[in-house]
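S.K.: what shape does this take:
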Amino acid sequence: MSDITIYHNPRCGTSRNTLAMIRNSGAEPAVIEYLKTPPSREQLVALIAAAGLGVRGIMRAKEAMFSELGLADPAKTDGELIEAMMTHPILINRPIVVTPLGTRLCRPSELVLDILPQPQRGAFTKEDGEKVVDAEGRRV
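M.R.: Purely as a prediction, here's the structure:
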């Protein structure tokens, strides 16, 4: 059983880059495709608390449904926002990574480097060509 979990969307470049950096450290995480297998309400509340971002901080405000449902309205309660994420998991921002060193919304993807138990094992370049880690495993 892995001690690293990623709430992943394989269609998201940031999520793919984050997963690749986890693997570049030699770890094979538990990969939860949260659109297929959403977290329970209790898990979602725990992830929000552990990430320290608050409910709005973990929501995907760029998602069209966010606007369609009027979720930017400051009168919406945390409970209403959580209910929206439970009903429409696409509203959960990604990727969220949980390791023994913490929980982080990894946007940008290189934020995962701060919570990986093991260092990078070599160079890493994002899908868009941006170099993140050099050949010695150090951040660029």
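
S.K.: make it CA atoms for all contacts and neighbour counts henceforth
M.R.: OK.

S.K.: can I assume Leu81 sits in a helix?
M.R.: Yes: under DSSP: H, G, I helix; E, B strand; the rest coil, Leu81 sits within a helix.

S.K.: just checking, it touches Val55?
M.R.: Yes: counting by C-alpha atoms under 8 Å, Val55 is a contact partner of Leu81 at 7.1 Å.

S.K.: what residues of stretch 75-89 count as buried?
M.R.: Within stretch 75-89, the residues scored as buried using 16 or more other C-alpha atoms under 10 Å are 81-82, 84-86, 89.

S.K.: dump those to CSV, plus pLDDT.
M.R.: CSV is the format used below for those (pLDDT from 0 to 100):
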residue, pLDDT
Leu81, 98
Ile82, 98
Ala84, 98
Met85, 98
Met86, 97
Pro89, 98
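
S.K.: of those residues, closest to Cys106?
M.R.: Here the nearest of those to Cys106, counting by C-alpha to C-alpha, is Pro89; it sits at 17.1 Å.

S.K.: is the closest one in contact with Ser40, as I believe?
M.R.: No: counting by C-alpha under 8 Å, Pro89 does not reach Ser40; the two are 10.6 Å apart.

S.K.: tell me what the strand or helix carrying Gln43 is packed against?
M.R.: Using DSSP states H and E, Gln43 maps to helix 41-51. Judged by 3 or more C-alpha pairs under 8 Å, 6 or more residues apart in numbering; DSSP states H and E, helix 41-51 is in contact with helix 54-58, helix 78-87, strand 102-105.
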